[in-house]
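Participant: need a 3D model of the following:
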Amino acid sequence: MAVKTVAREHINEILSALGLKSFSRPFAGLIDPGDFGTVATYLPLYPDEYKRLPPKLQQHVYLIAPGRYGLICFLPRIFEAPDGGKVTEVATVYNSWGKMIRVAYKTDRGSEFETQHTIRQDKLLAYAKNKKLPISTSVKITS
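Facilitator: Numbering: from 1, shown residues only. From the prediction side, this is the model:
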């Protein structure tokens with residue numbers, strides 16, 4: 001899944017289209033429910049604001065959850081473990097159809113975590129590949 005941050009000029013166009021001087025609302029963080037690591041940071045948009053945007057600008061808005069929209073403005077560059085440690089090994093579990101159903105990892109601080117968000121899983125696997133970390137793979141047979 002490729003996620004792109006919204007460029008400042010597009011944010012300015014969106015502000016203009018909505019008739020706002022600035023977004024006077026806090027940023028929100030998308031957190032992985034598995035290990036509570038940051039997936040992305042976004043600027044929330046109200047559903048009526050999304051509907052008022054022309055289609056050209058709607059393409060920059062992400063559906064964060066049903067009825068919740070946002071402009072992704074920050075993506076972590078690398079995978080970071082919530083305990084501040086470095087990842088030492090990764091384990092993946094696939095179902096019998098080849099779909100990844102679990103991604104877990106261990107850190108040098110002795111902690112074990114599991115990621116559930118697909119963006120965070122992709123970052124973890126890319127990090128493990130770049131650092132040449134061991135990745136164990138198993139298949140869970142379901143009937």
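Participant: from here on, contacts and neighbour counts on C-alpha atoms
Facilitator: Noted.
Participant: buried stuff in the longest helix along the chain?
Facilitator: When the chain is parsed with DSSP state H, its longest helix is helix 118-130. Buried positions in helix 118-130, judged by neighbour count with 16 or more other C-alpha atoms under 10 Å: 119-125, 127-128.
Participant: closest one to residue 20 out of those, please.
Facilitator: residue 119 (30.9 Å; C-alpha to C-alpha).
Participant: hmm, back to that, for the longest helix of the chain, packing partners?
Facilitator: If you count contacts as 3 or more C-alpha pairs under 8 Å, 6 or more residues apart in numbering; DSSP states H and E, helix 118-130 packs onto strand 87-95.
Participant: now do the strand it packs on: distance to the chain's middle.
Facilitator: 18 Å (C-alpha atoms, centre = their mean, to the nearest Å).
Participant: okay, angle between that strand and helix 118-130 too, please.
Facilitator: Between the axes of strand 87-95 and helix 118-130, defined by axes from the mean of the first three to the mean of the last three C-alpha atoms, to 10 degrees, the angle is 120 degrees.
Participant: disregarding residues adjacent in the polypeptide, which is nearest to residue 13?
Facilitator: Sequence neighbours aside, residue 57 is the residue nearest to residue 13 in space, at 7.8 Å (criterion: C-alpha to C-alpha, 6 or more residues apart in numbering).
Participant: which ones are touching that neighbour?
Facilitator: Residue 57 makes contact with 10, 13-14, according to C-alpha atoms under 8 Å, 6 or more residues apart in numbering.
Participant: where are the low-confidence patches of this structure?
Facilitator: Scanning the chain for pLDDT under 70 picks out 1, 143.
Participant: do that again at 90, thanks
Facilitator: 1-3, 25, 65, 77, 96, 98, 141-143 (pLDDT under 90).
Participant: that one: helices as residue ranges?
Facilitator: So, for the chain - with DSSP H - the helices run 8-18, 47-52, 55-58, 118-130.
Participant: how about stretch 57-70: buried residues?
Facilitator: Neighbour-count burial for stretch 57-70 [16+ other C-alpha under 10 Å]: 58, 60-62, 69-70.
Participant: can you tell me which of those are in strands?
Facilitator: 62, 69-70 (DSSP state E).
Participant: could you dump those to a markdown table with distance to residue 46?
Facilitator: Formatted as a markdown table, these follow (distance: C-alpha to C-alpha, whole Å):
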| residue | distance to residue 46 |
| --- | --- |
| 62 | 12 |
| 69 | 7 |
| 70 | 8 |
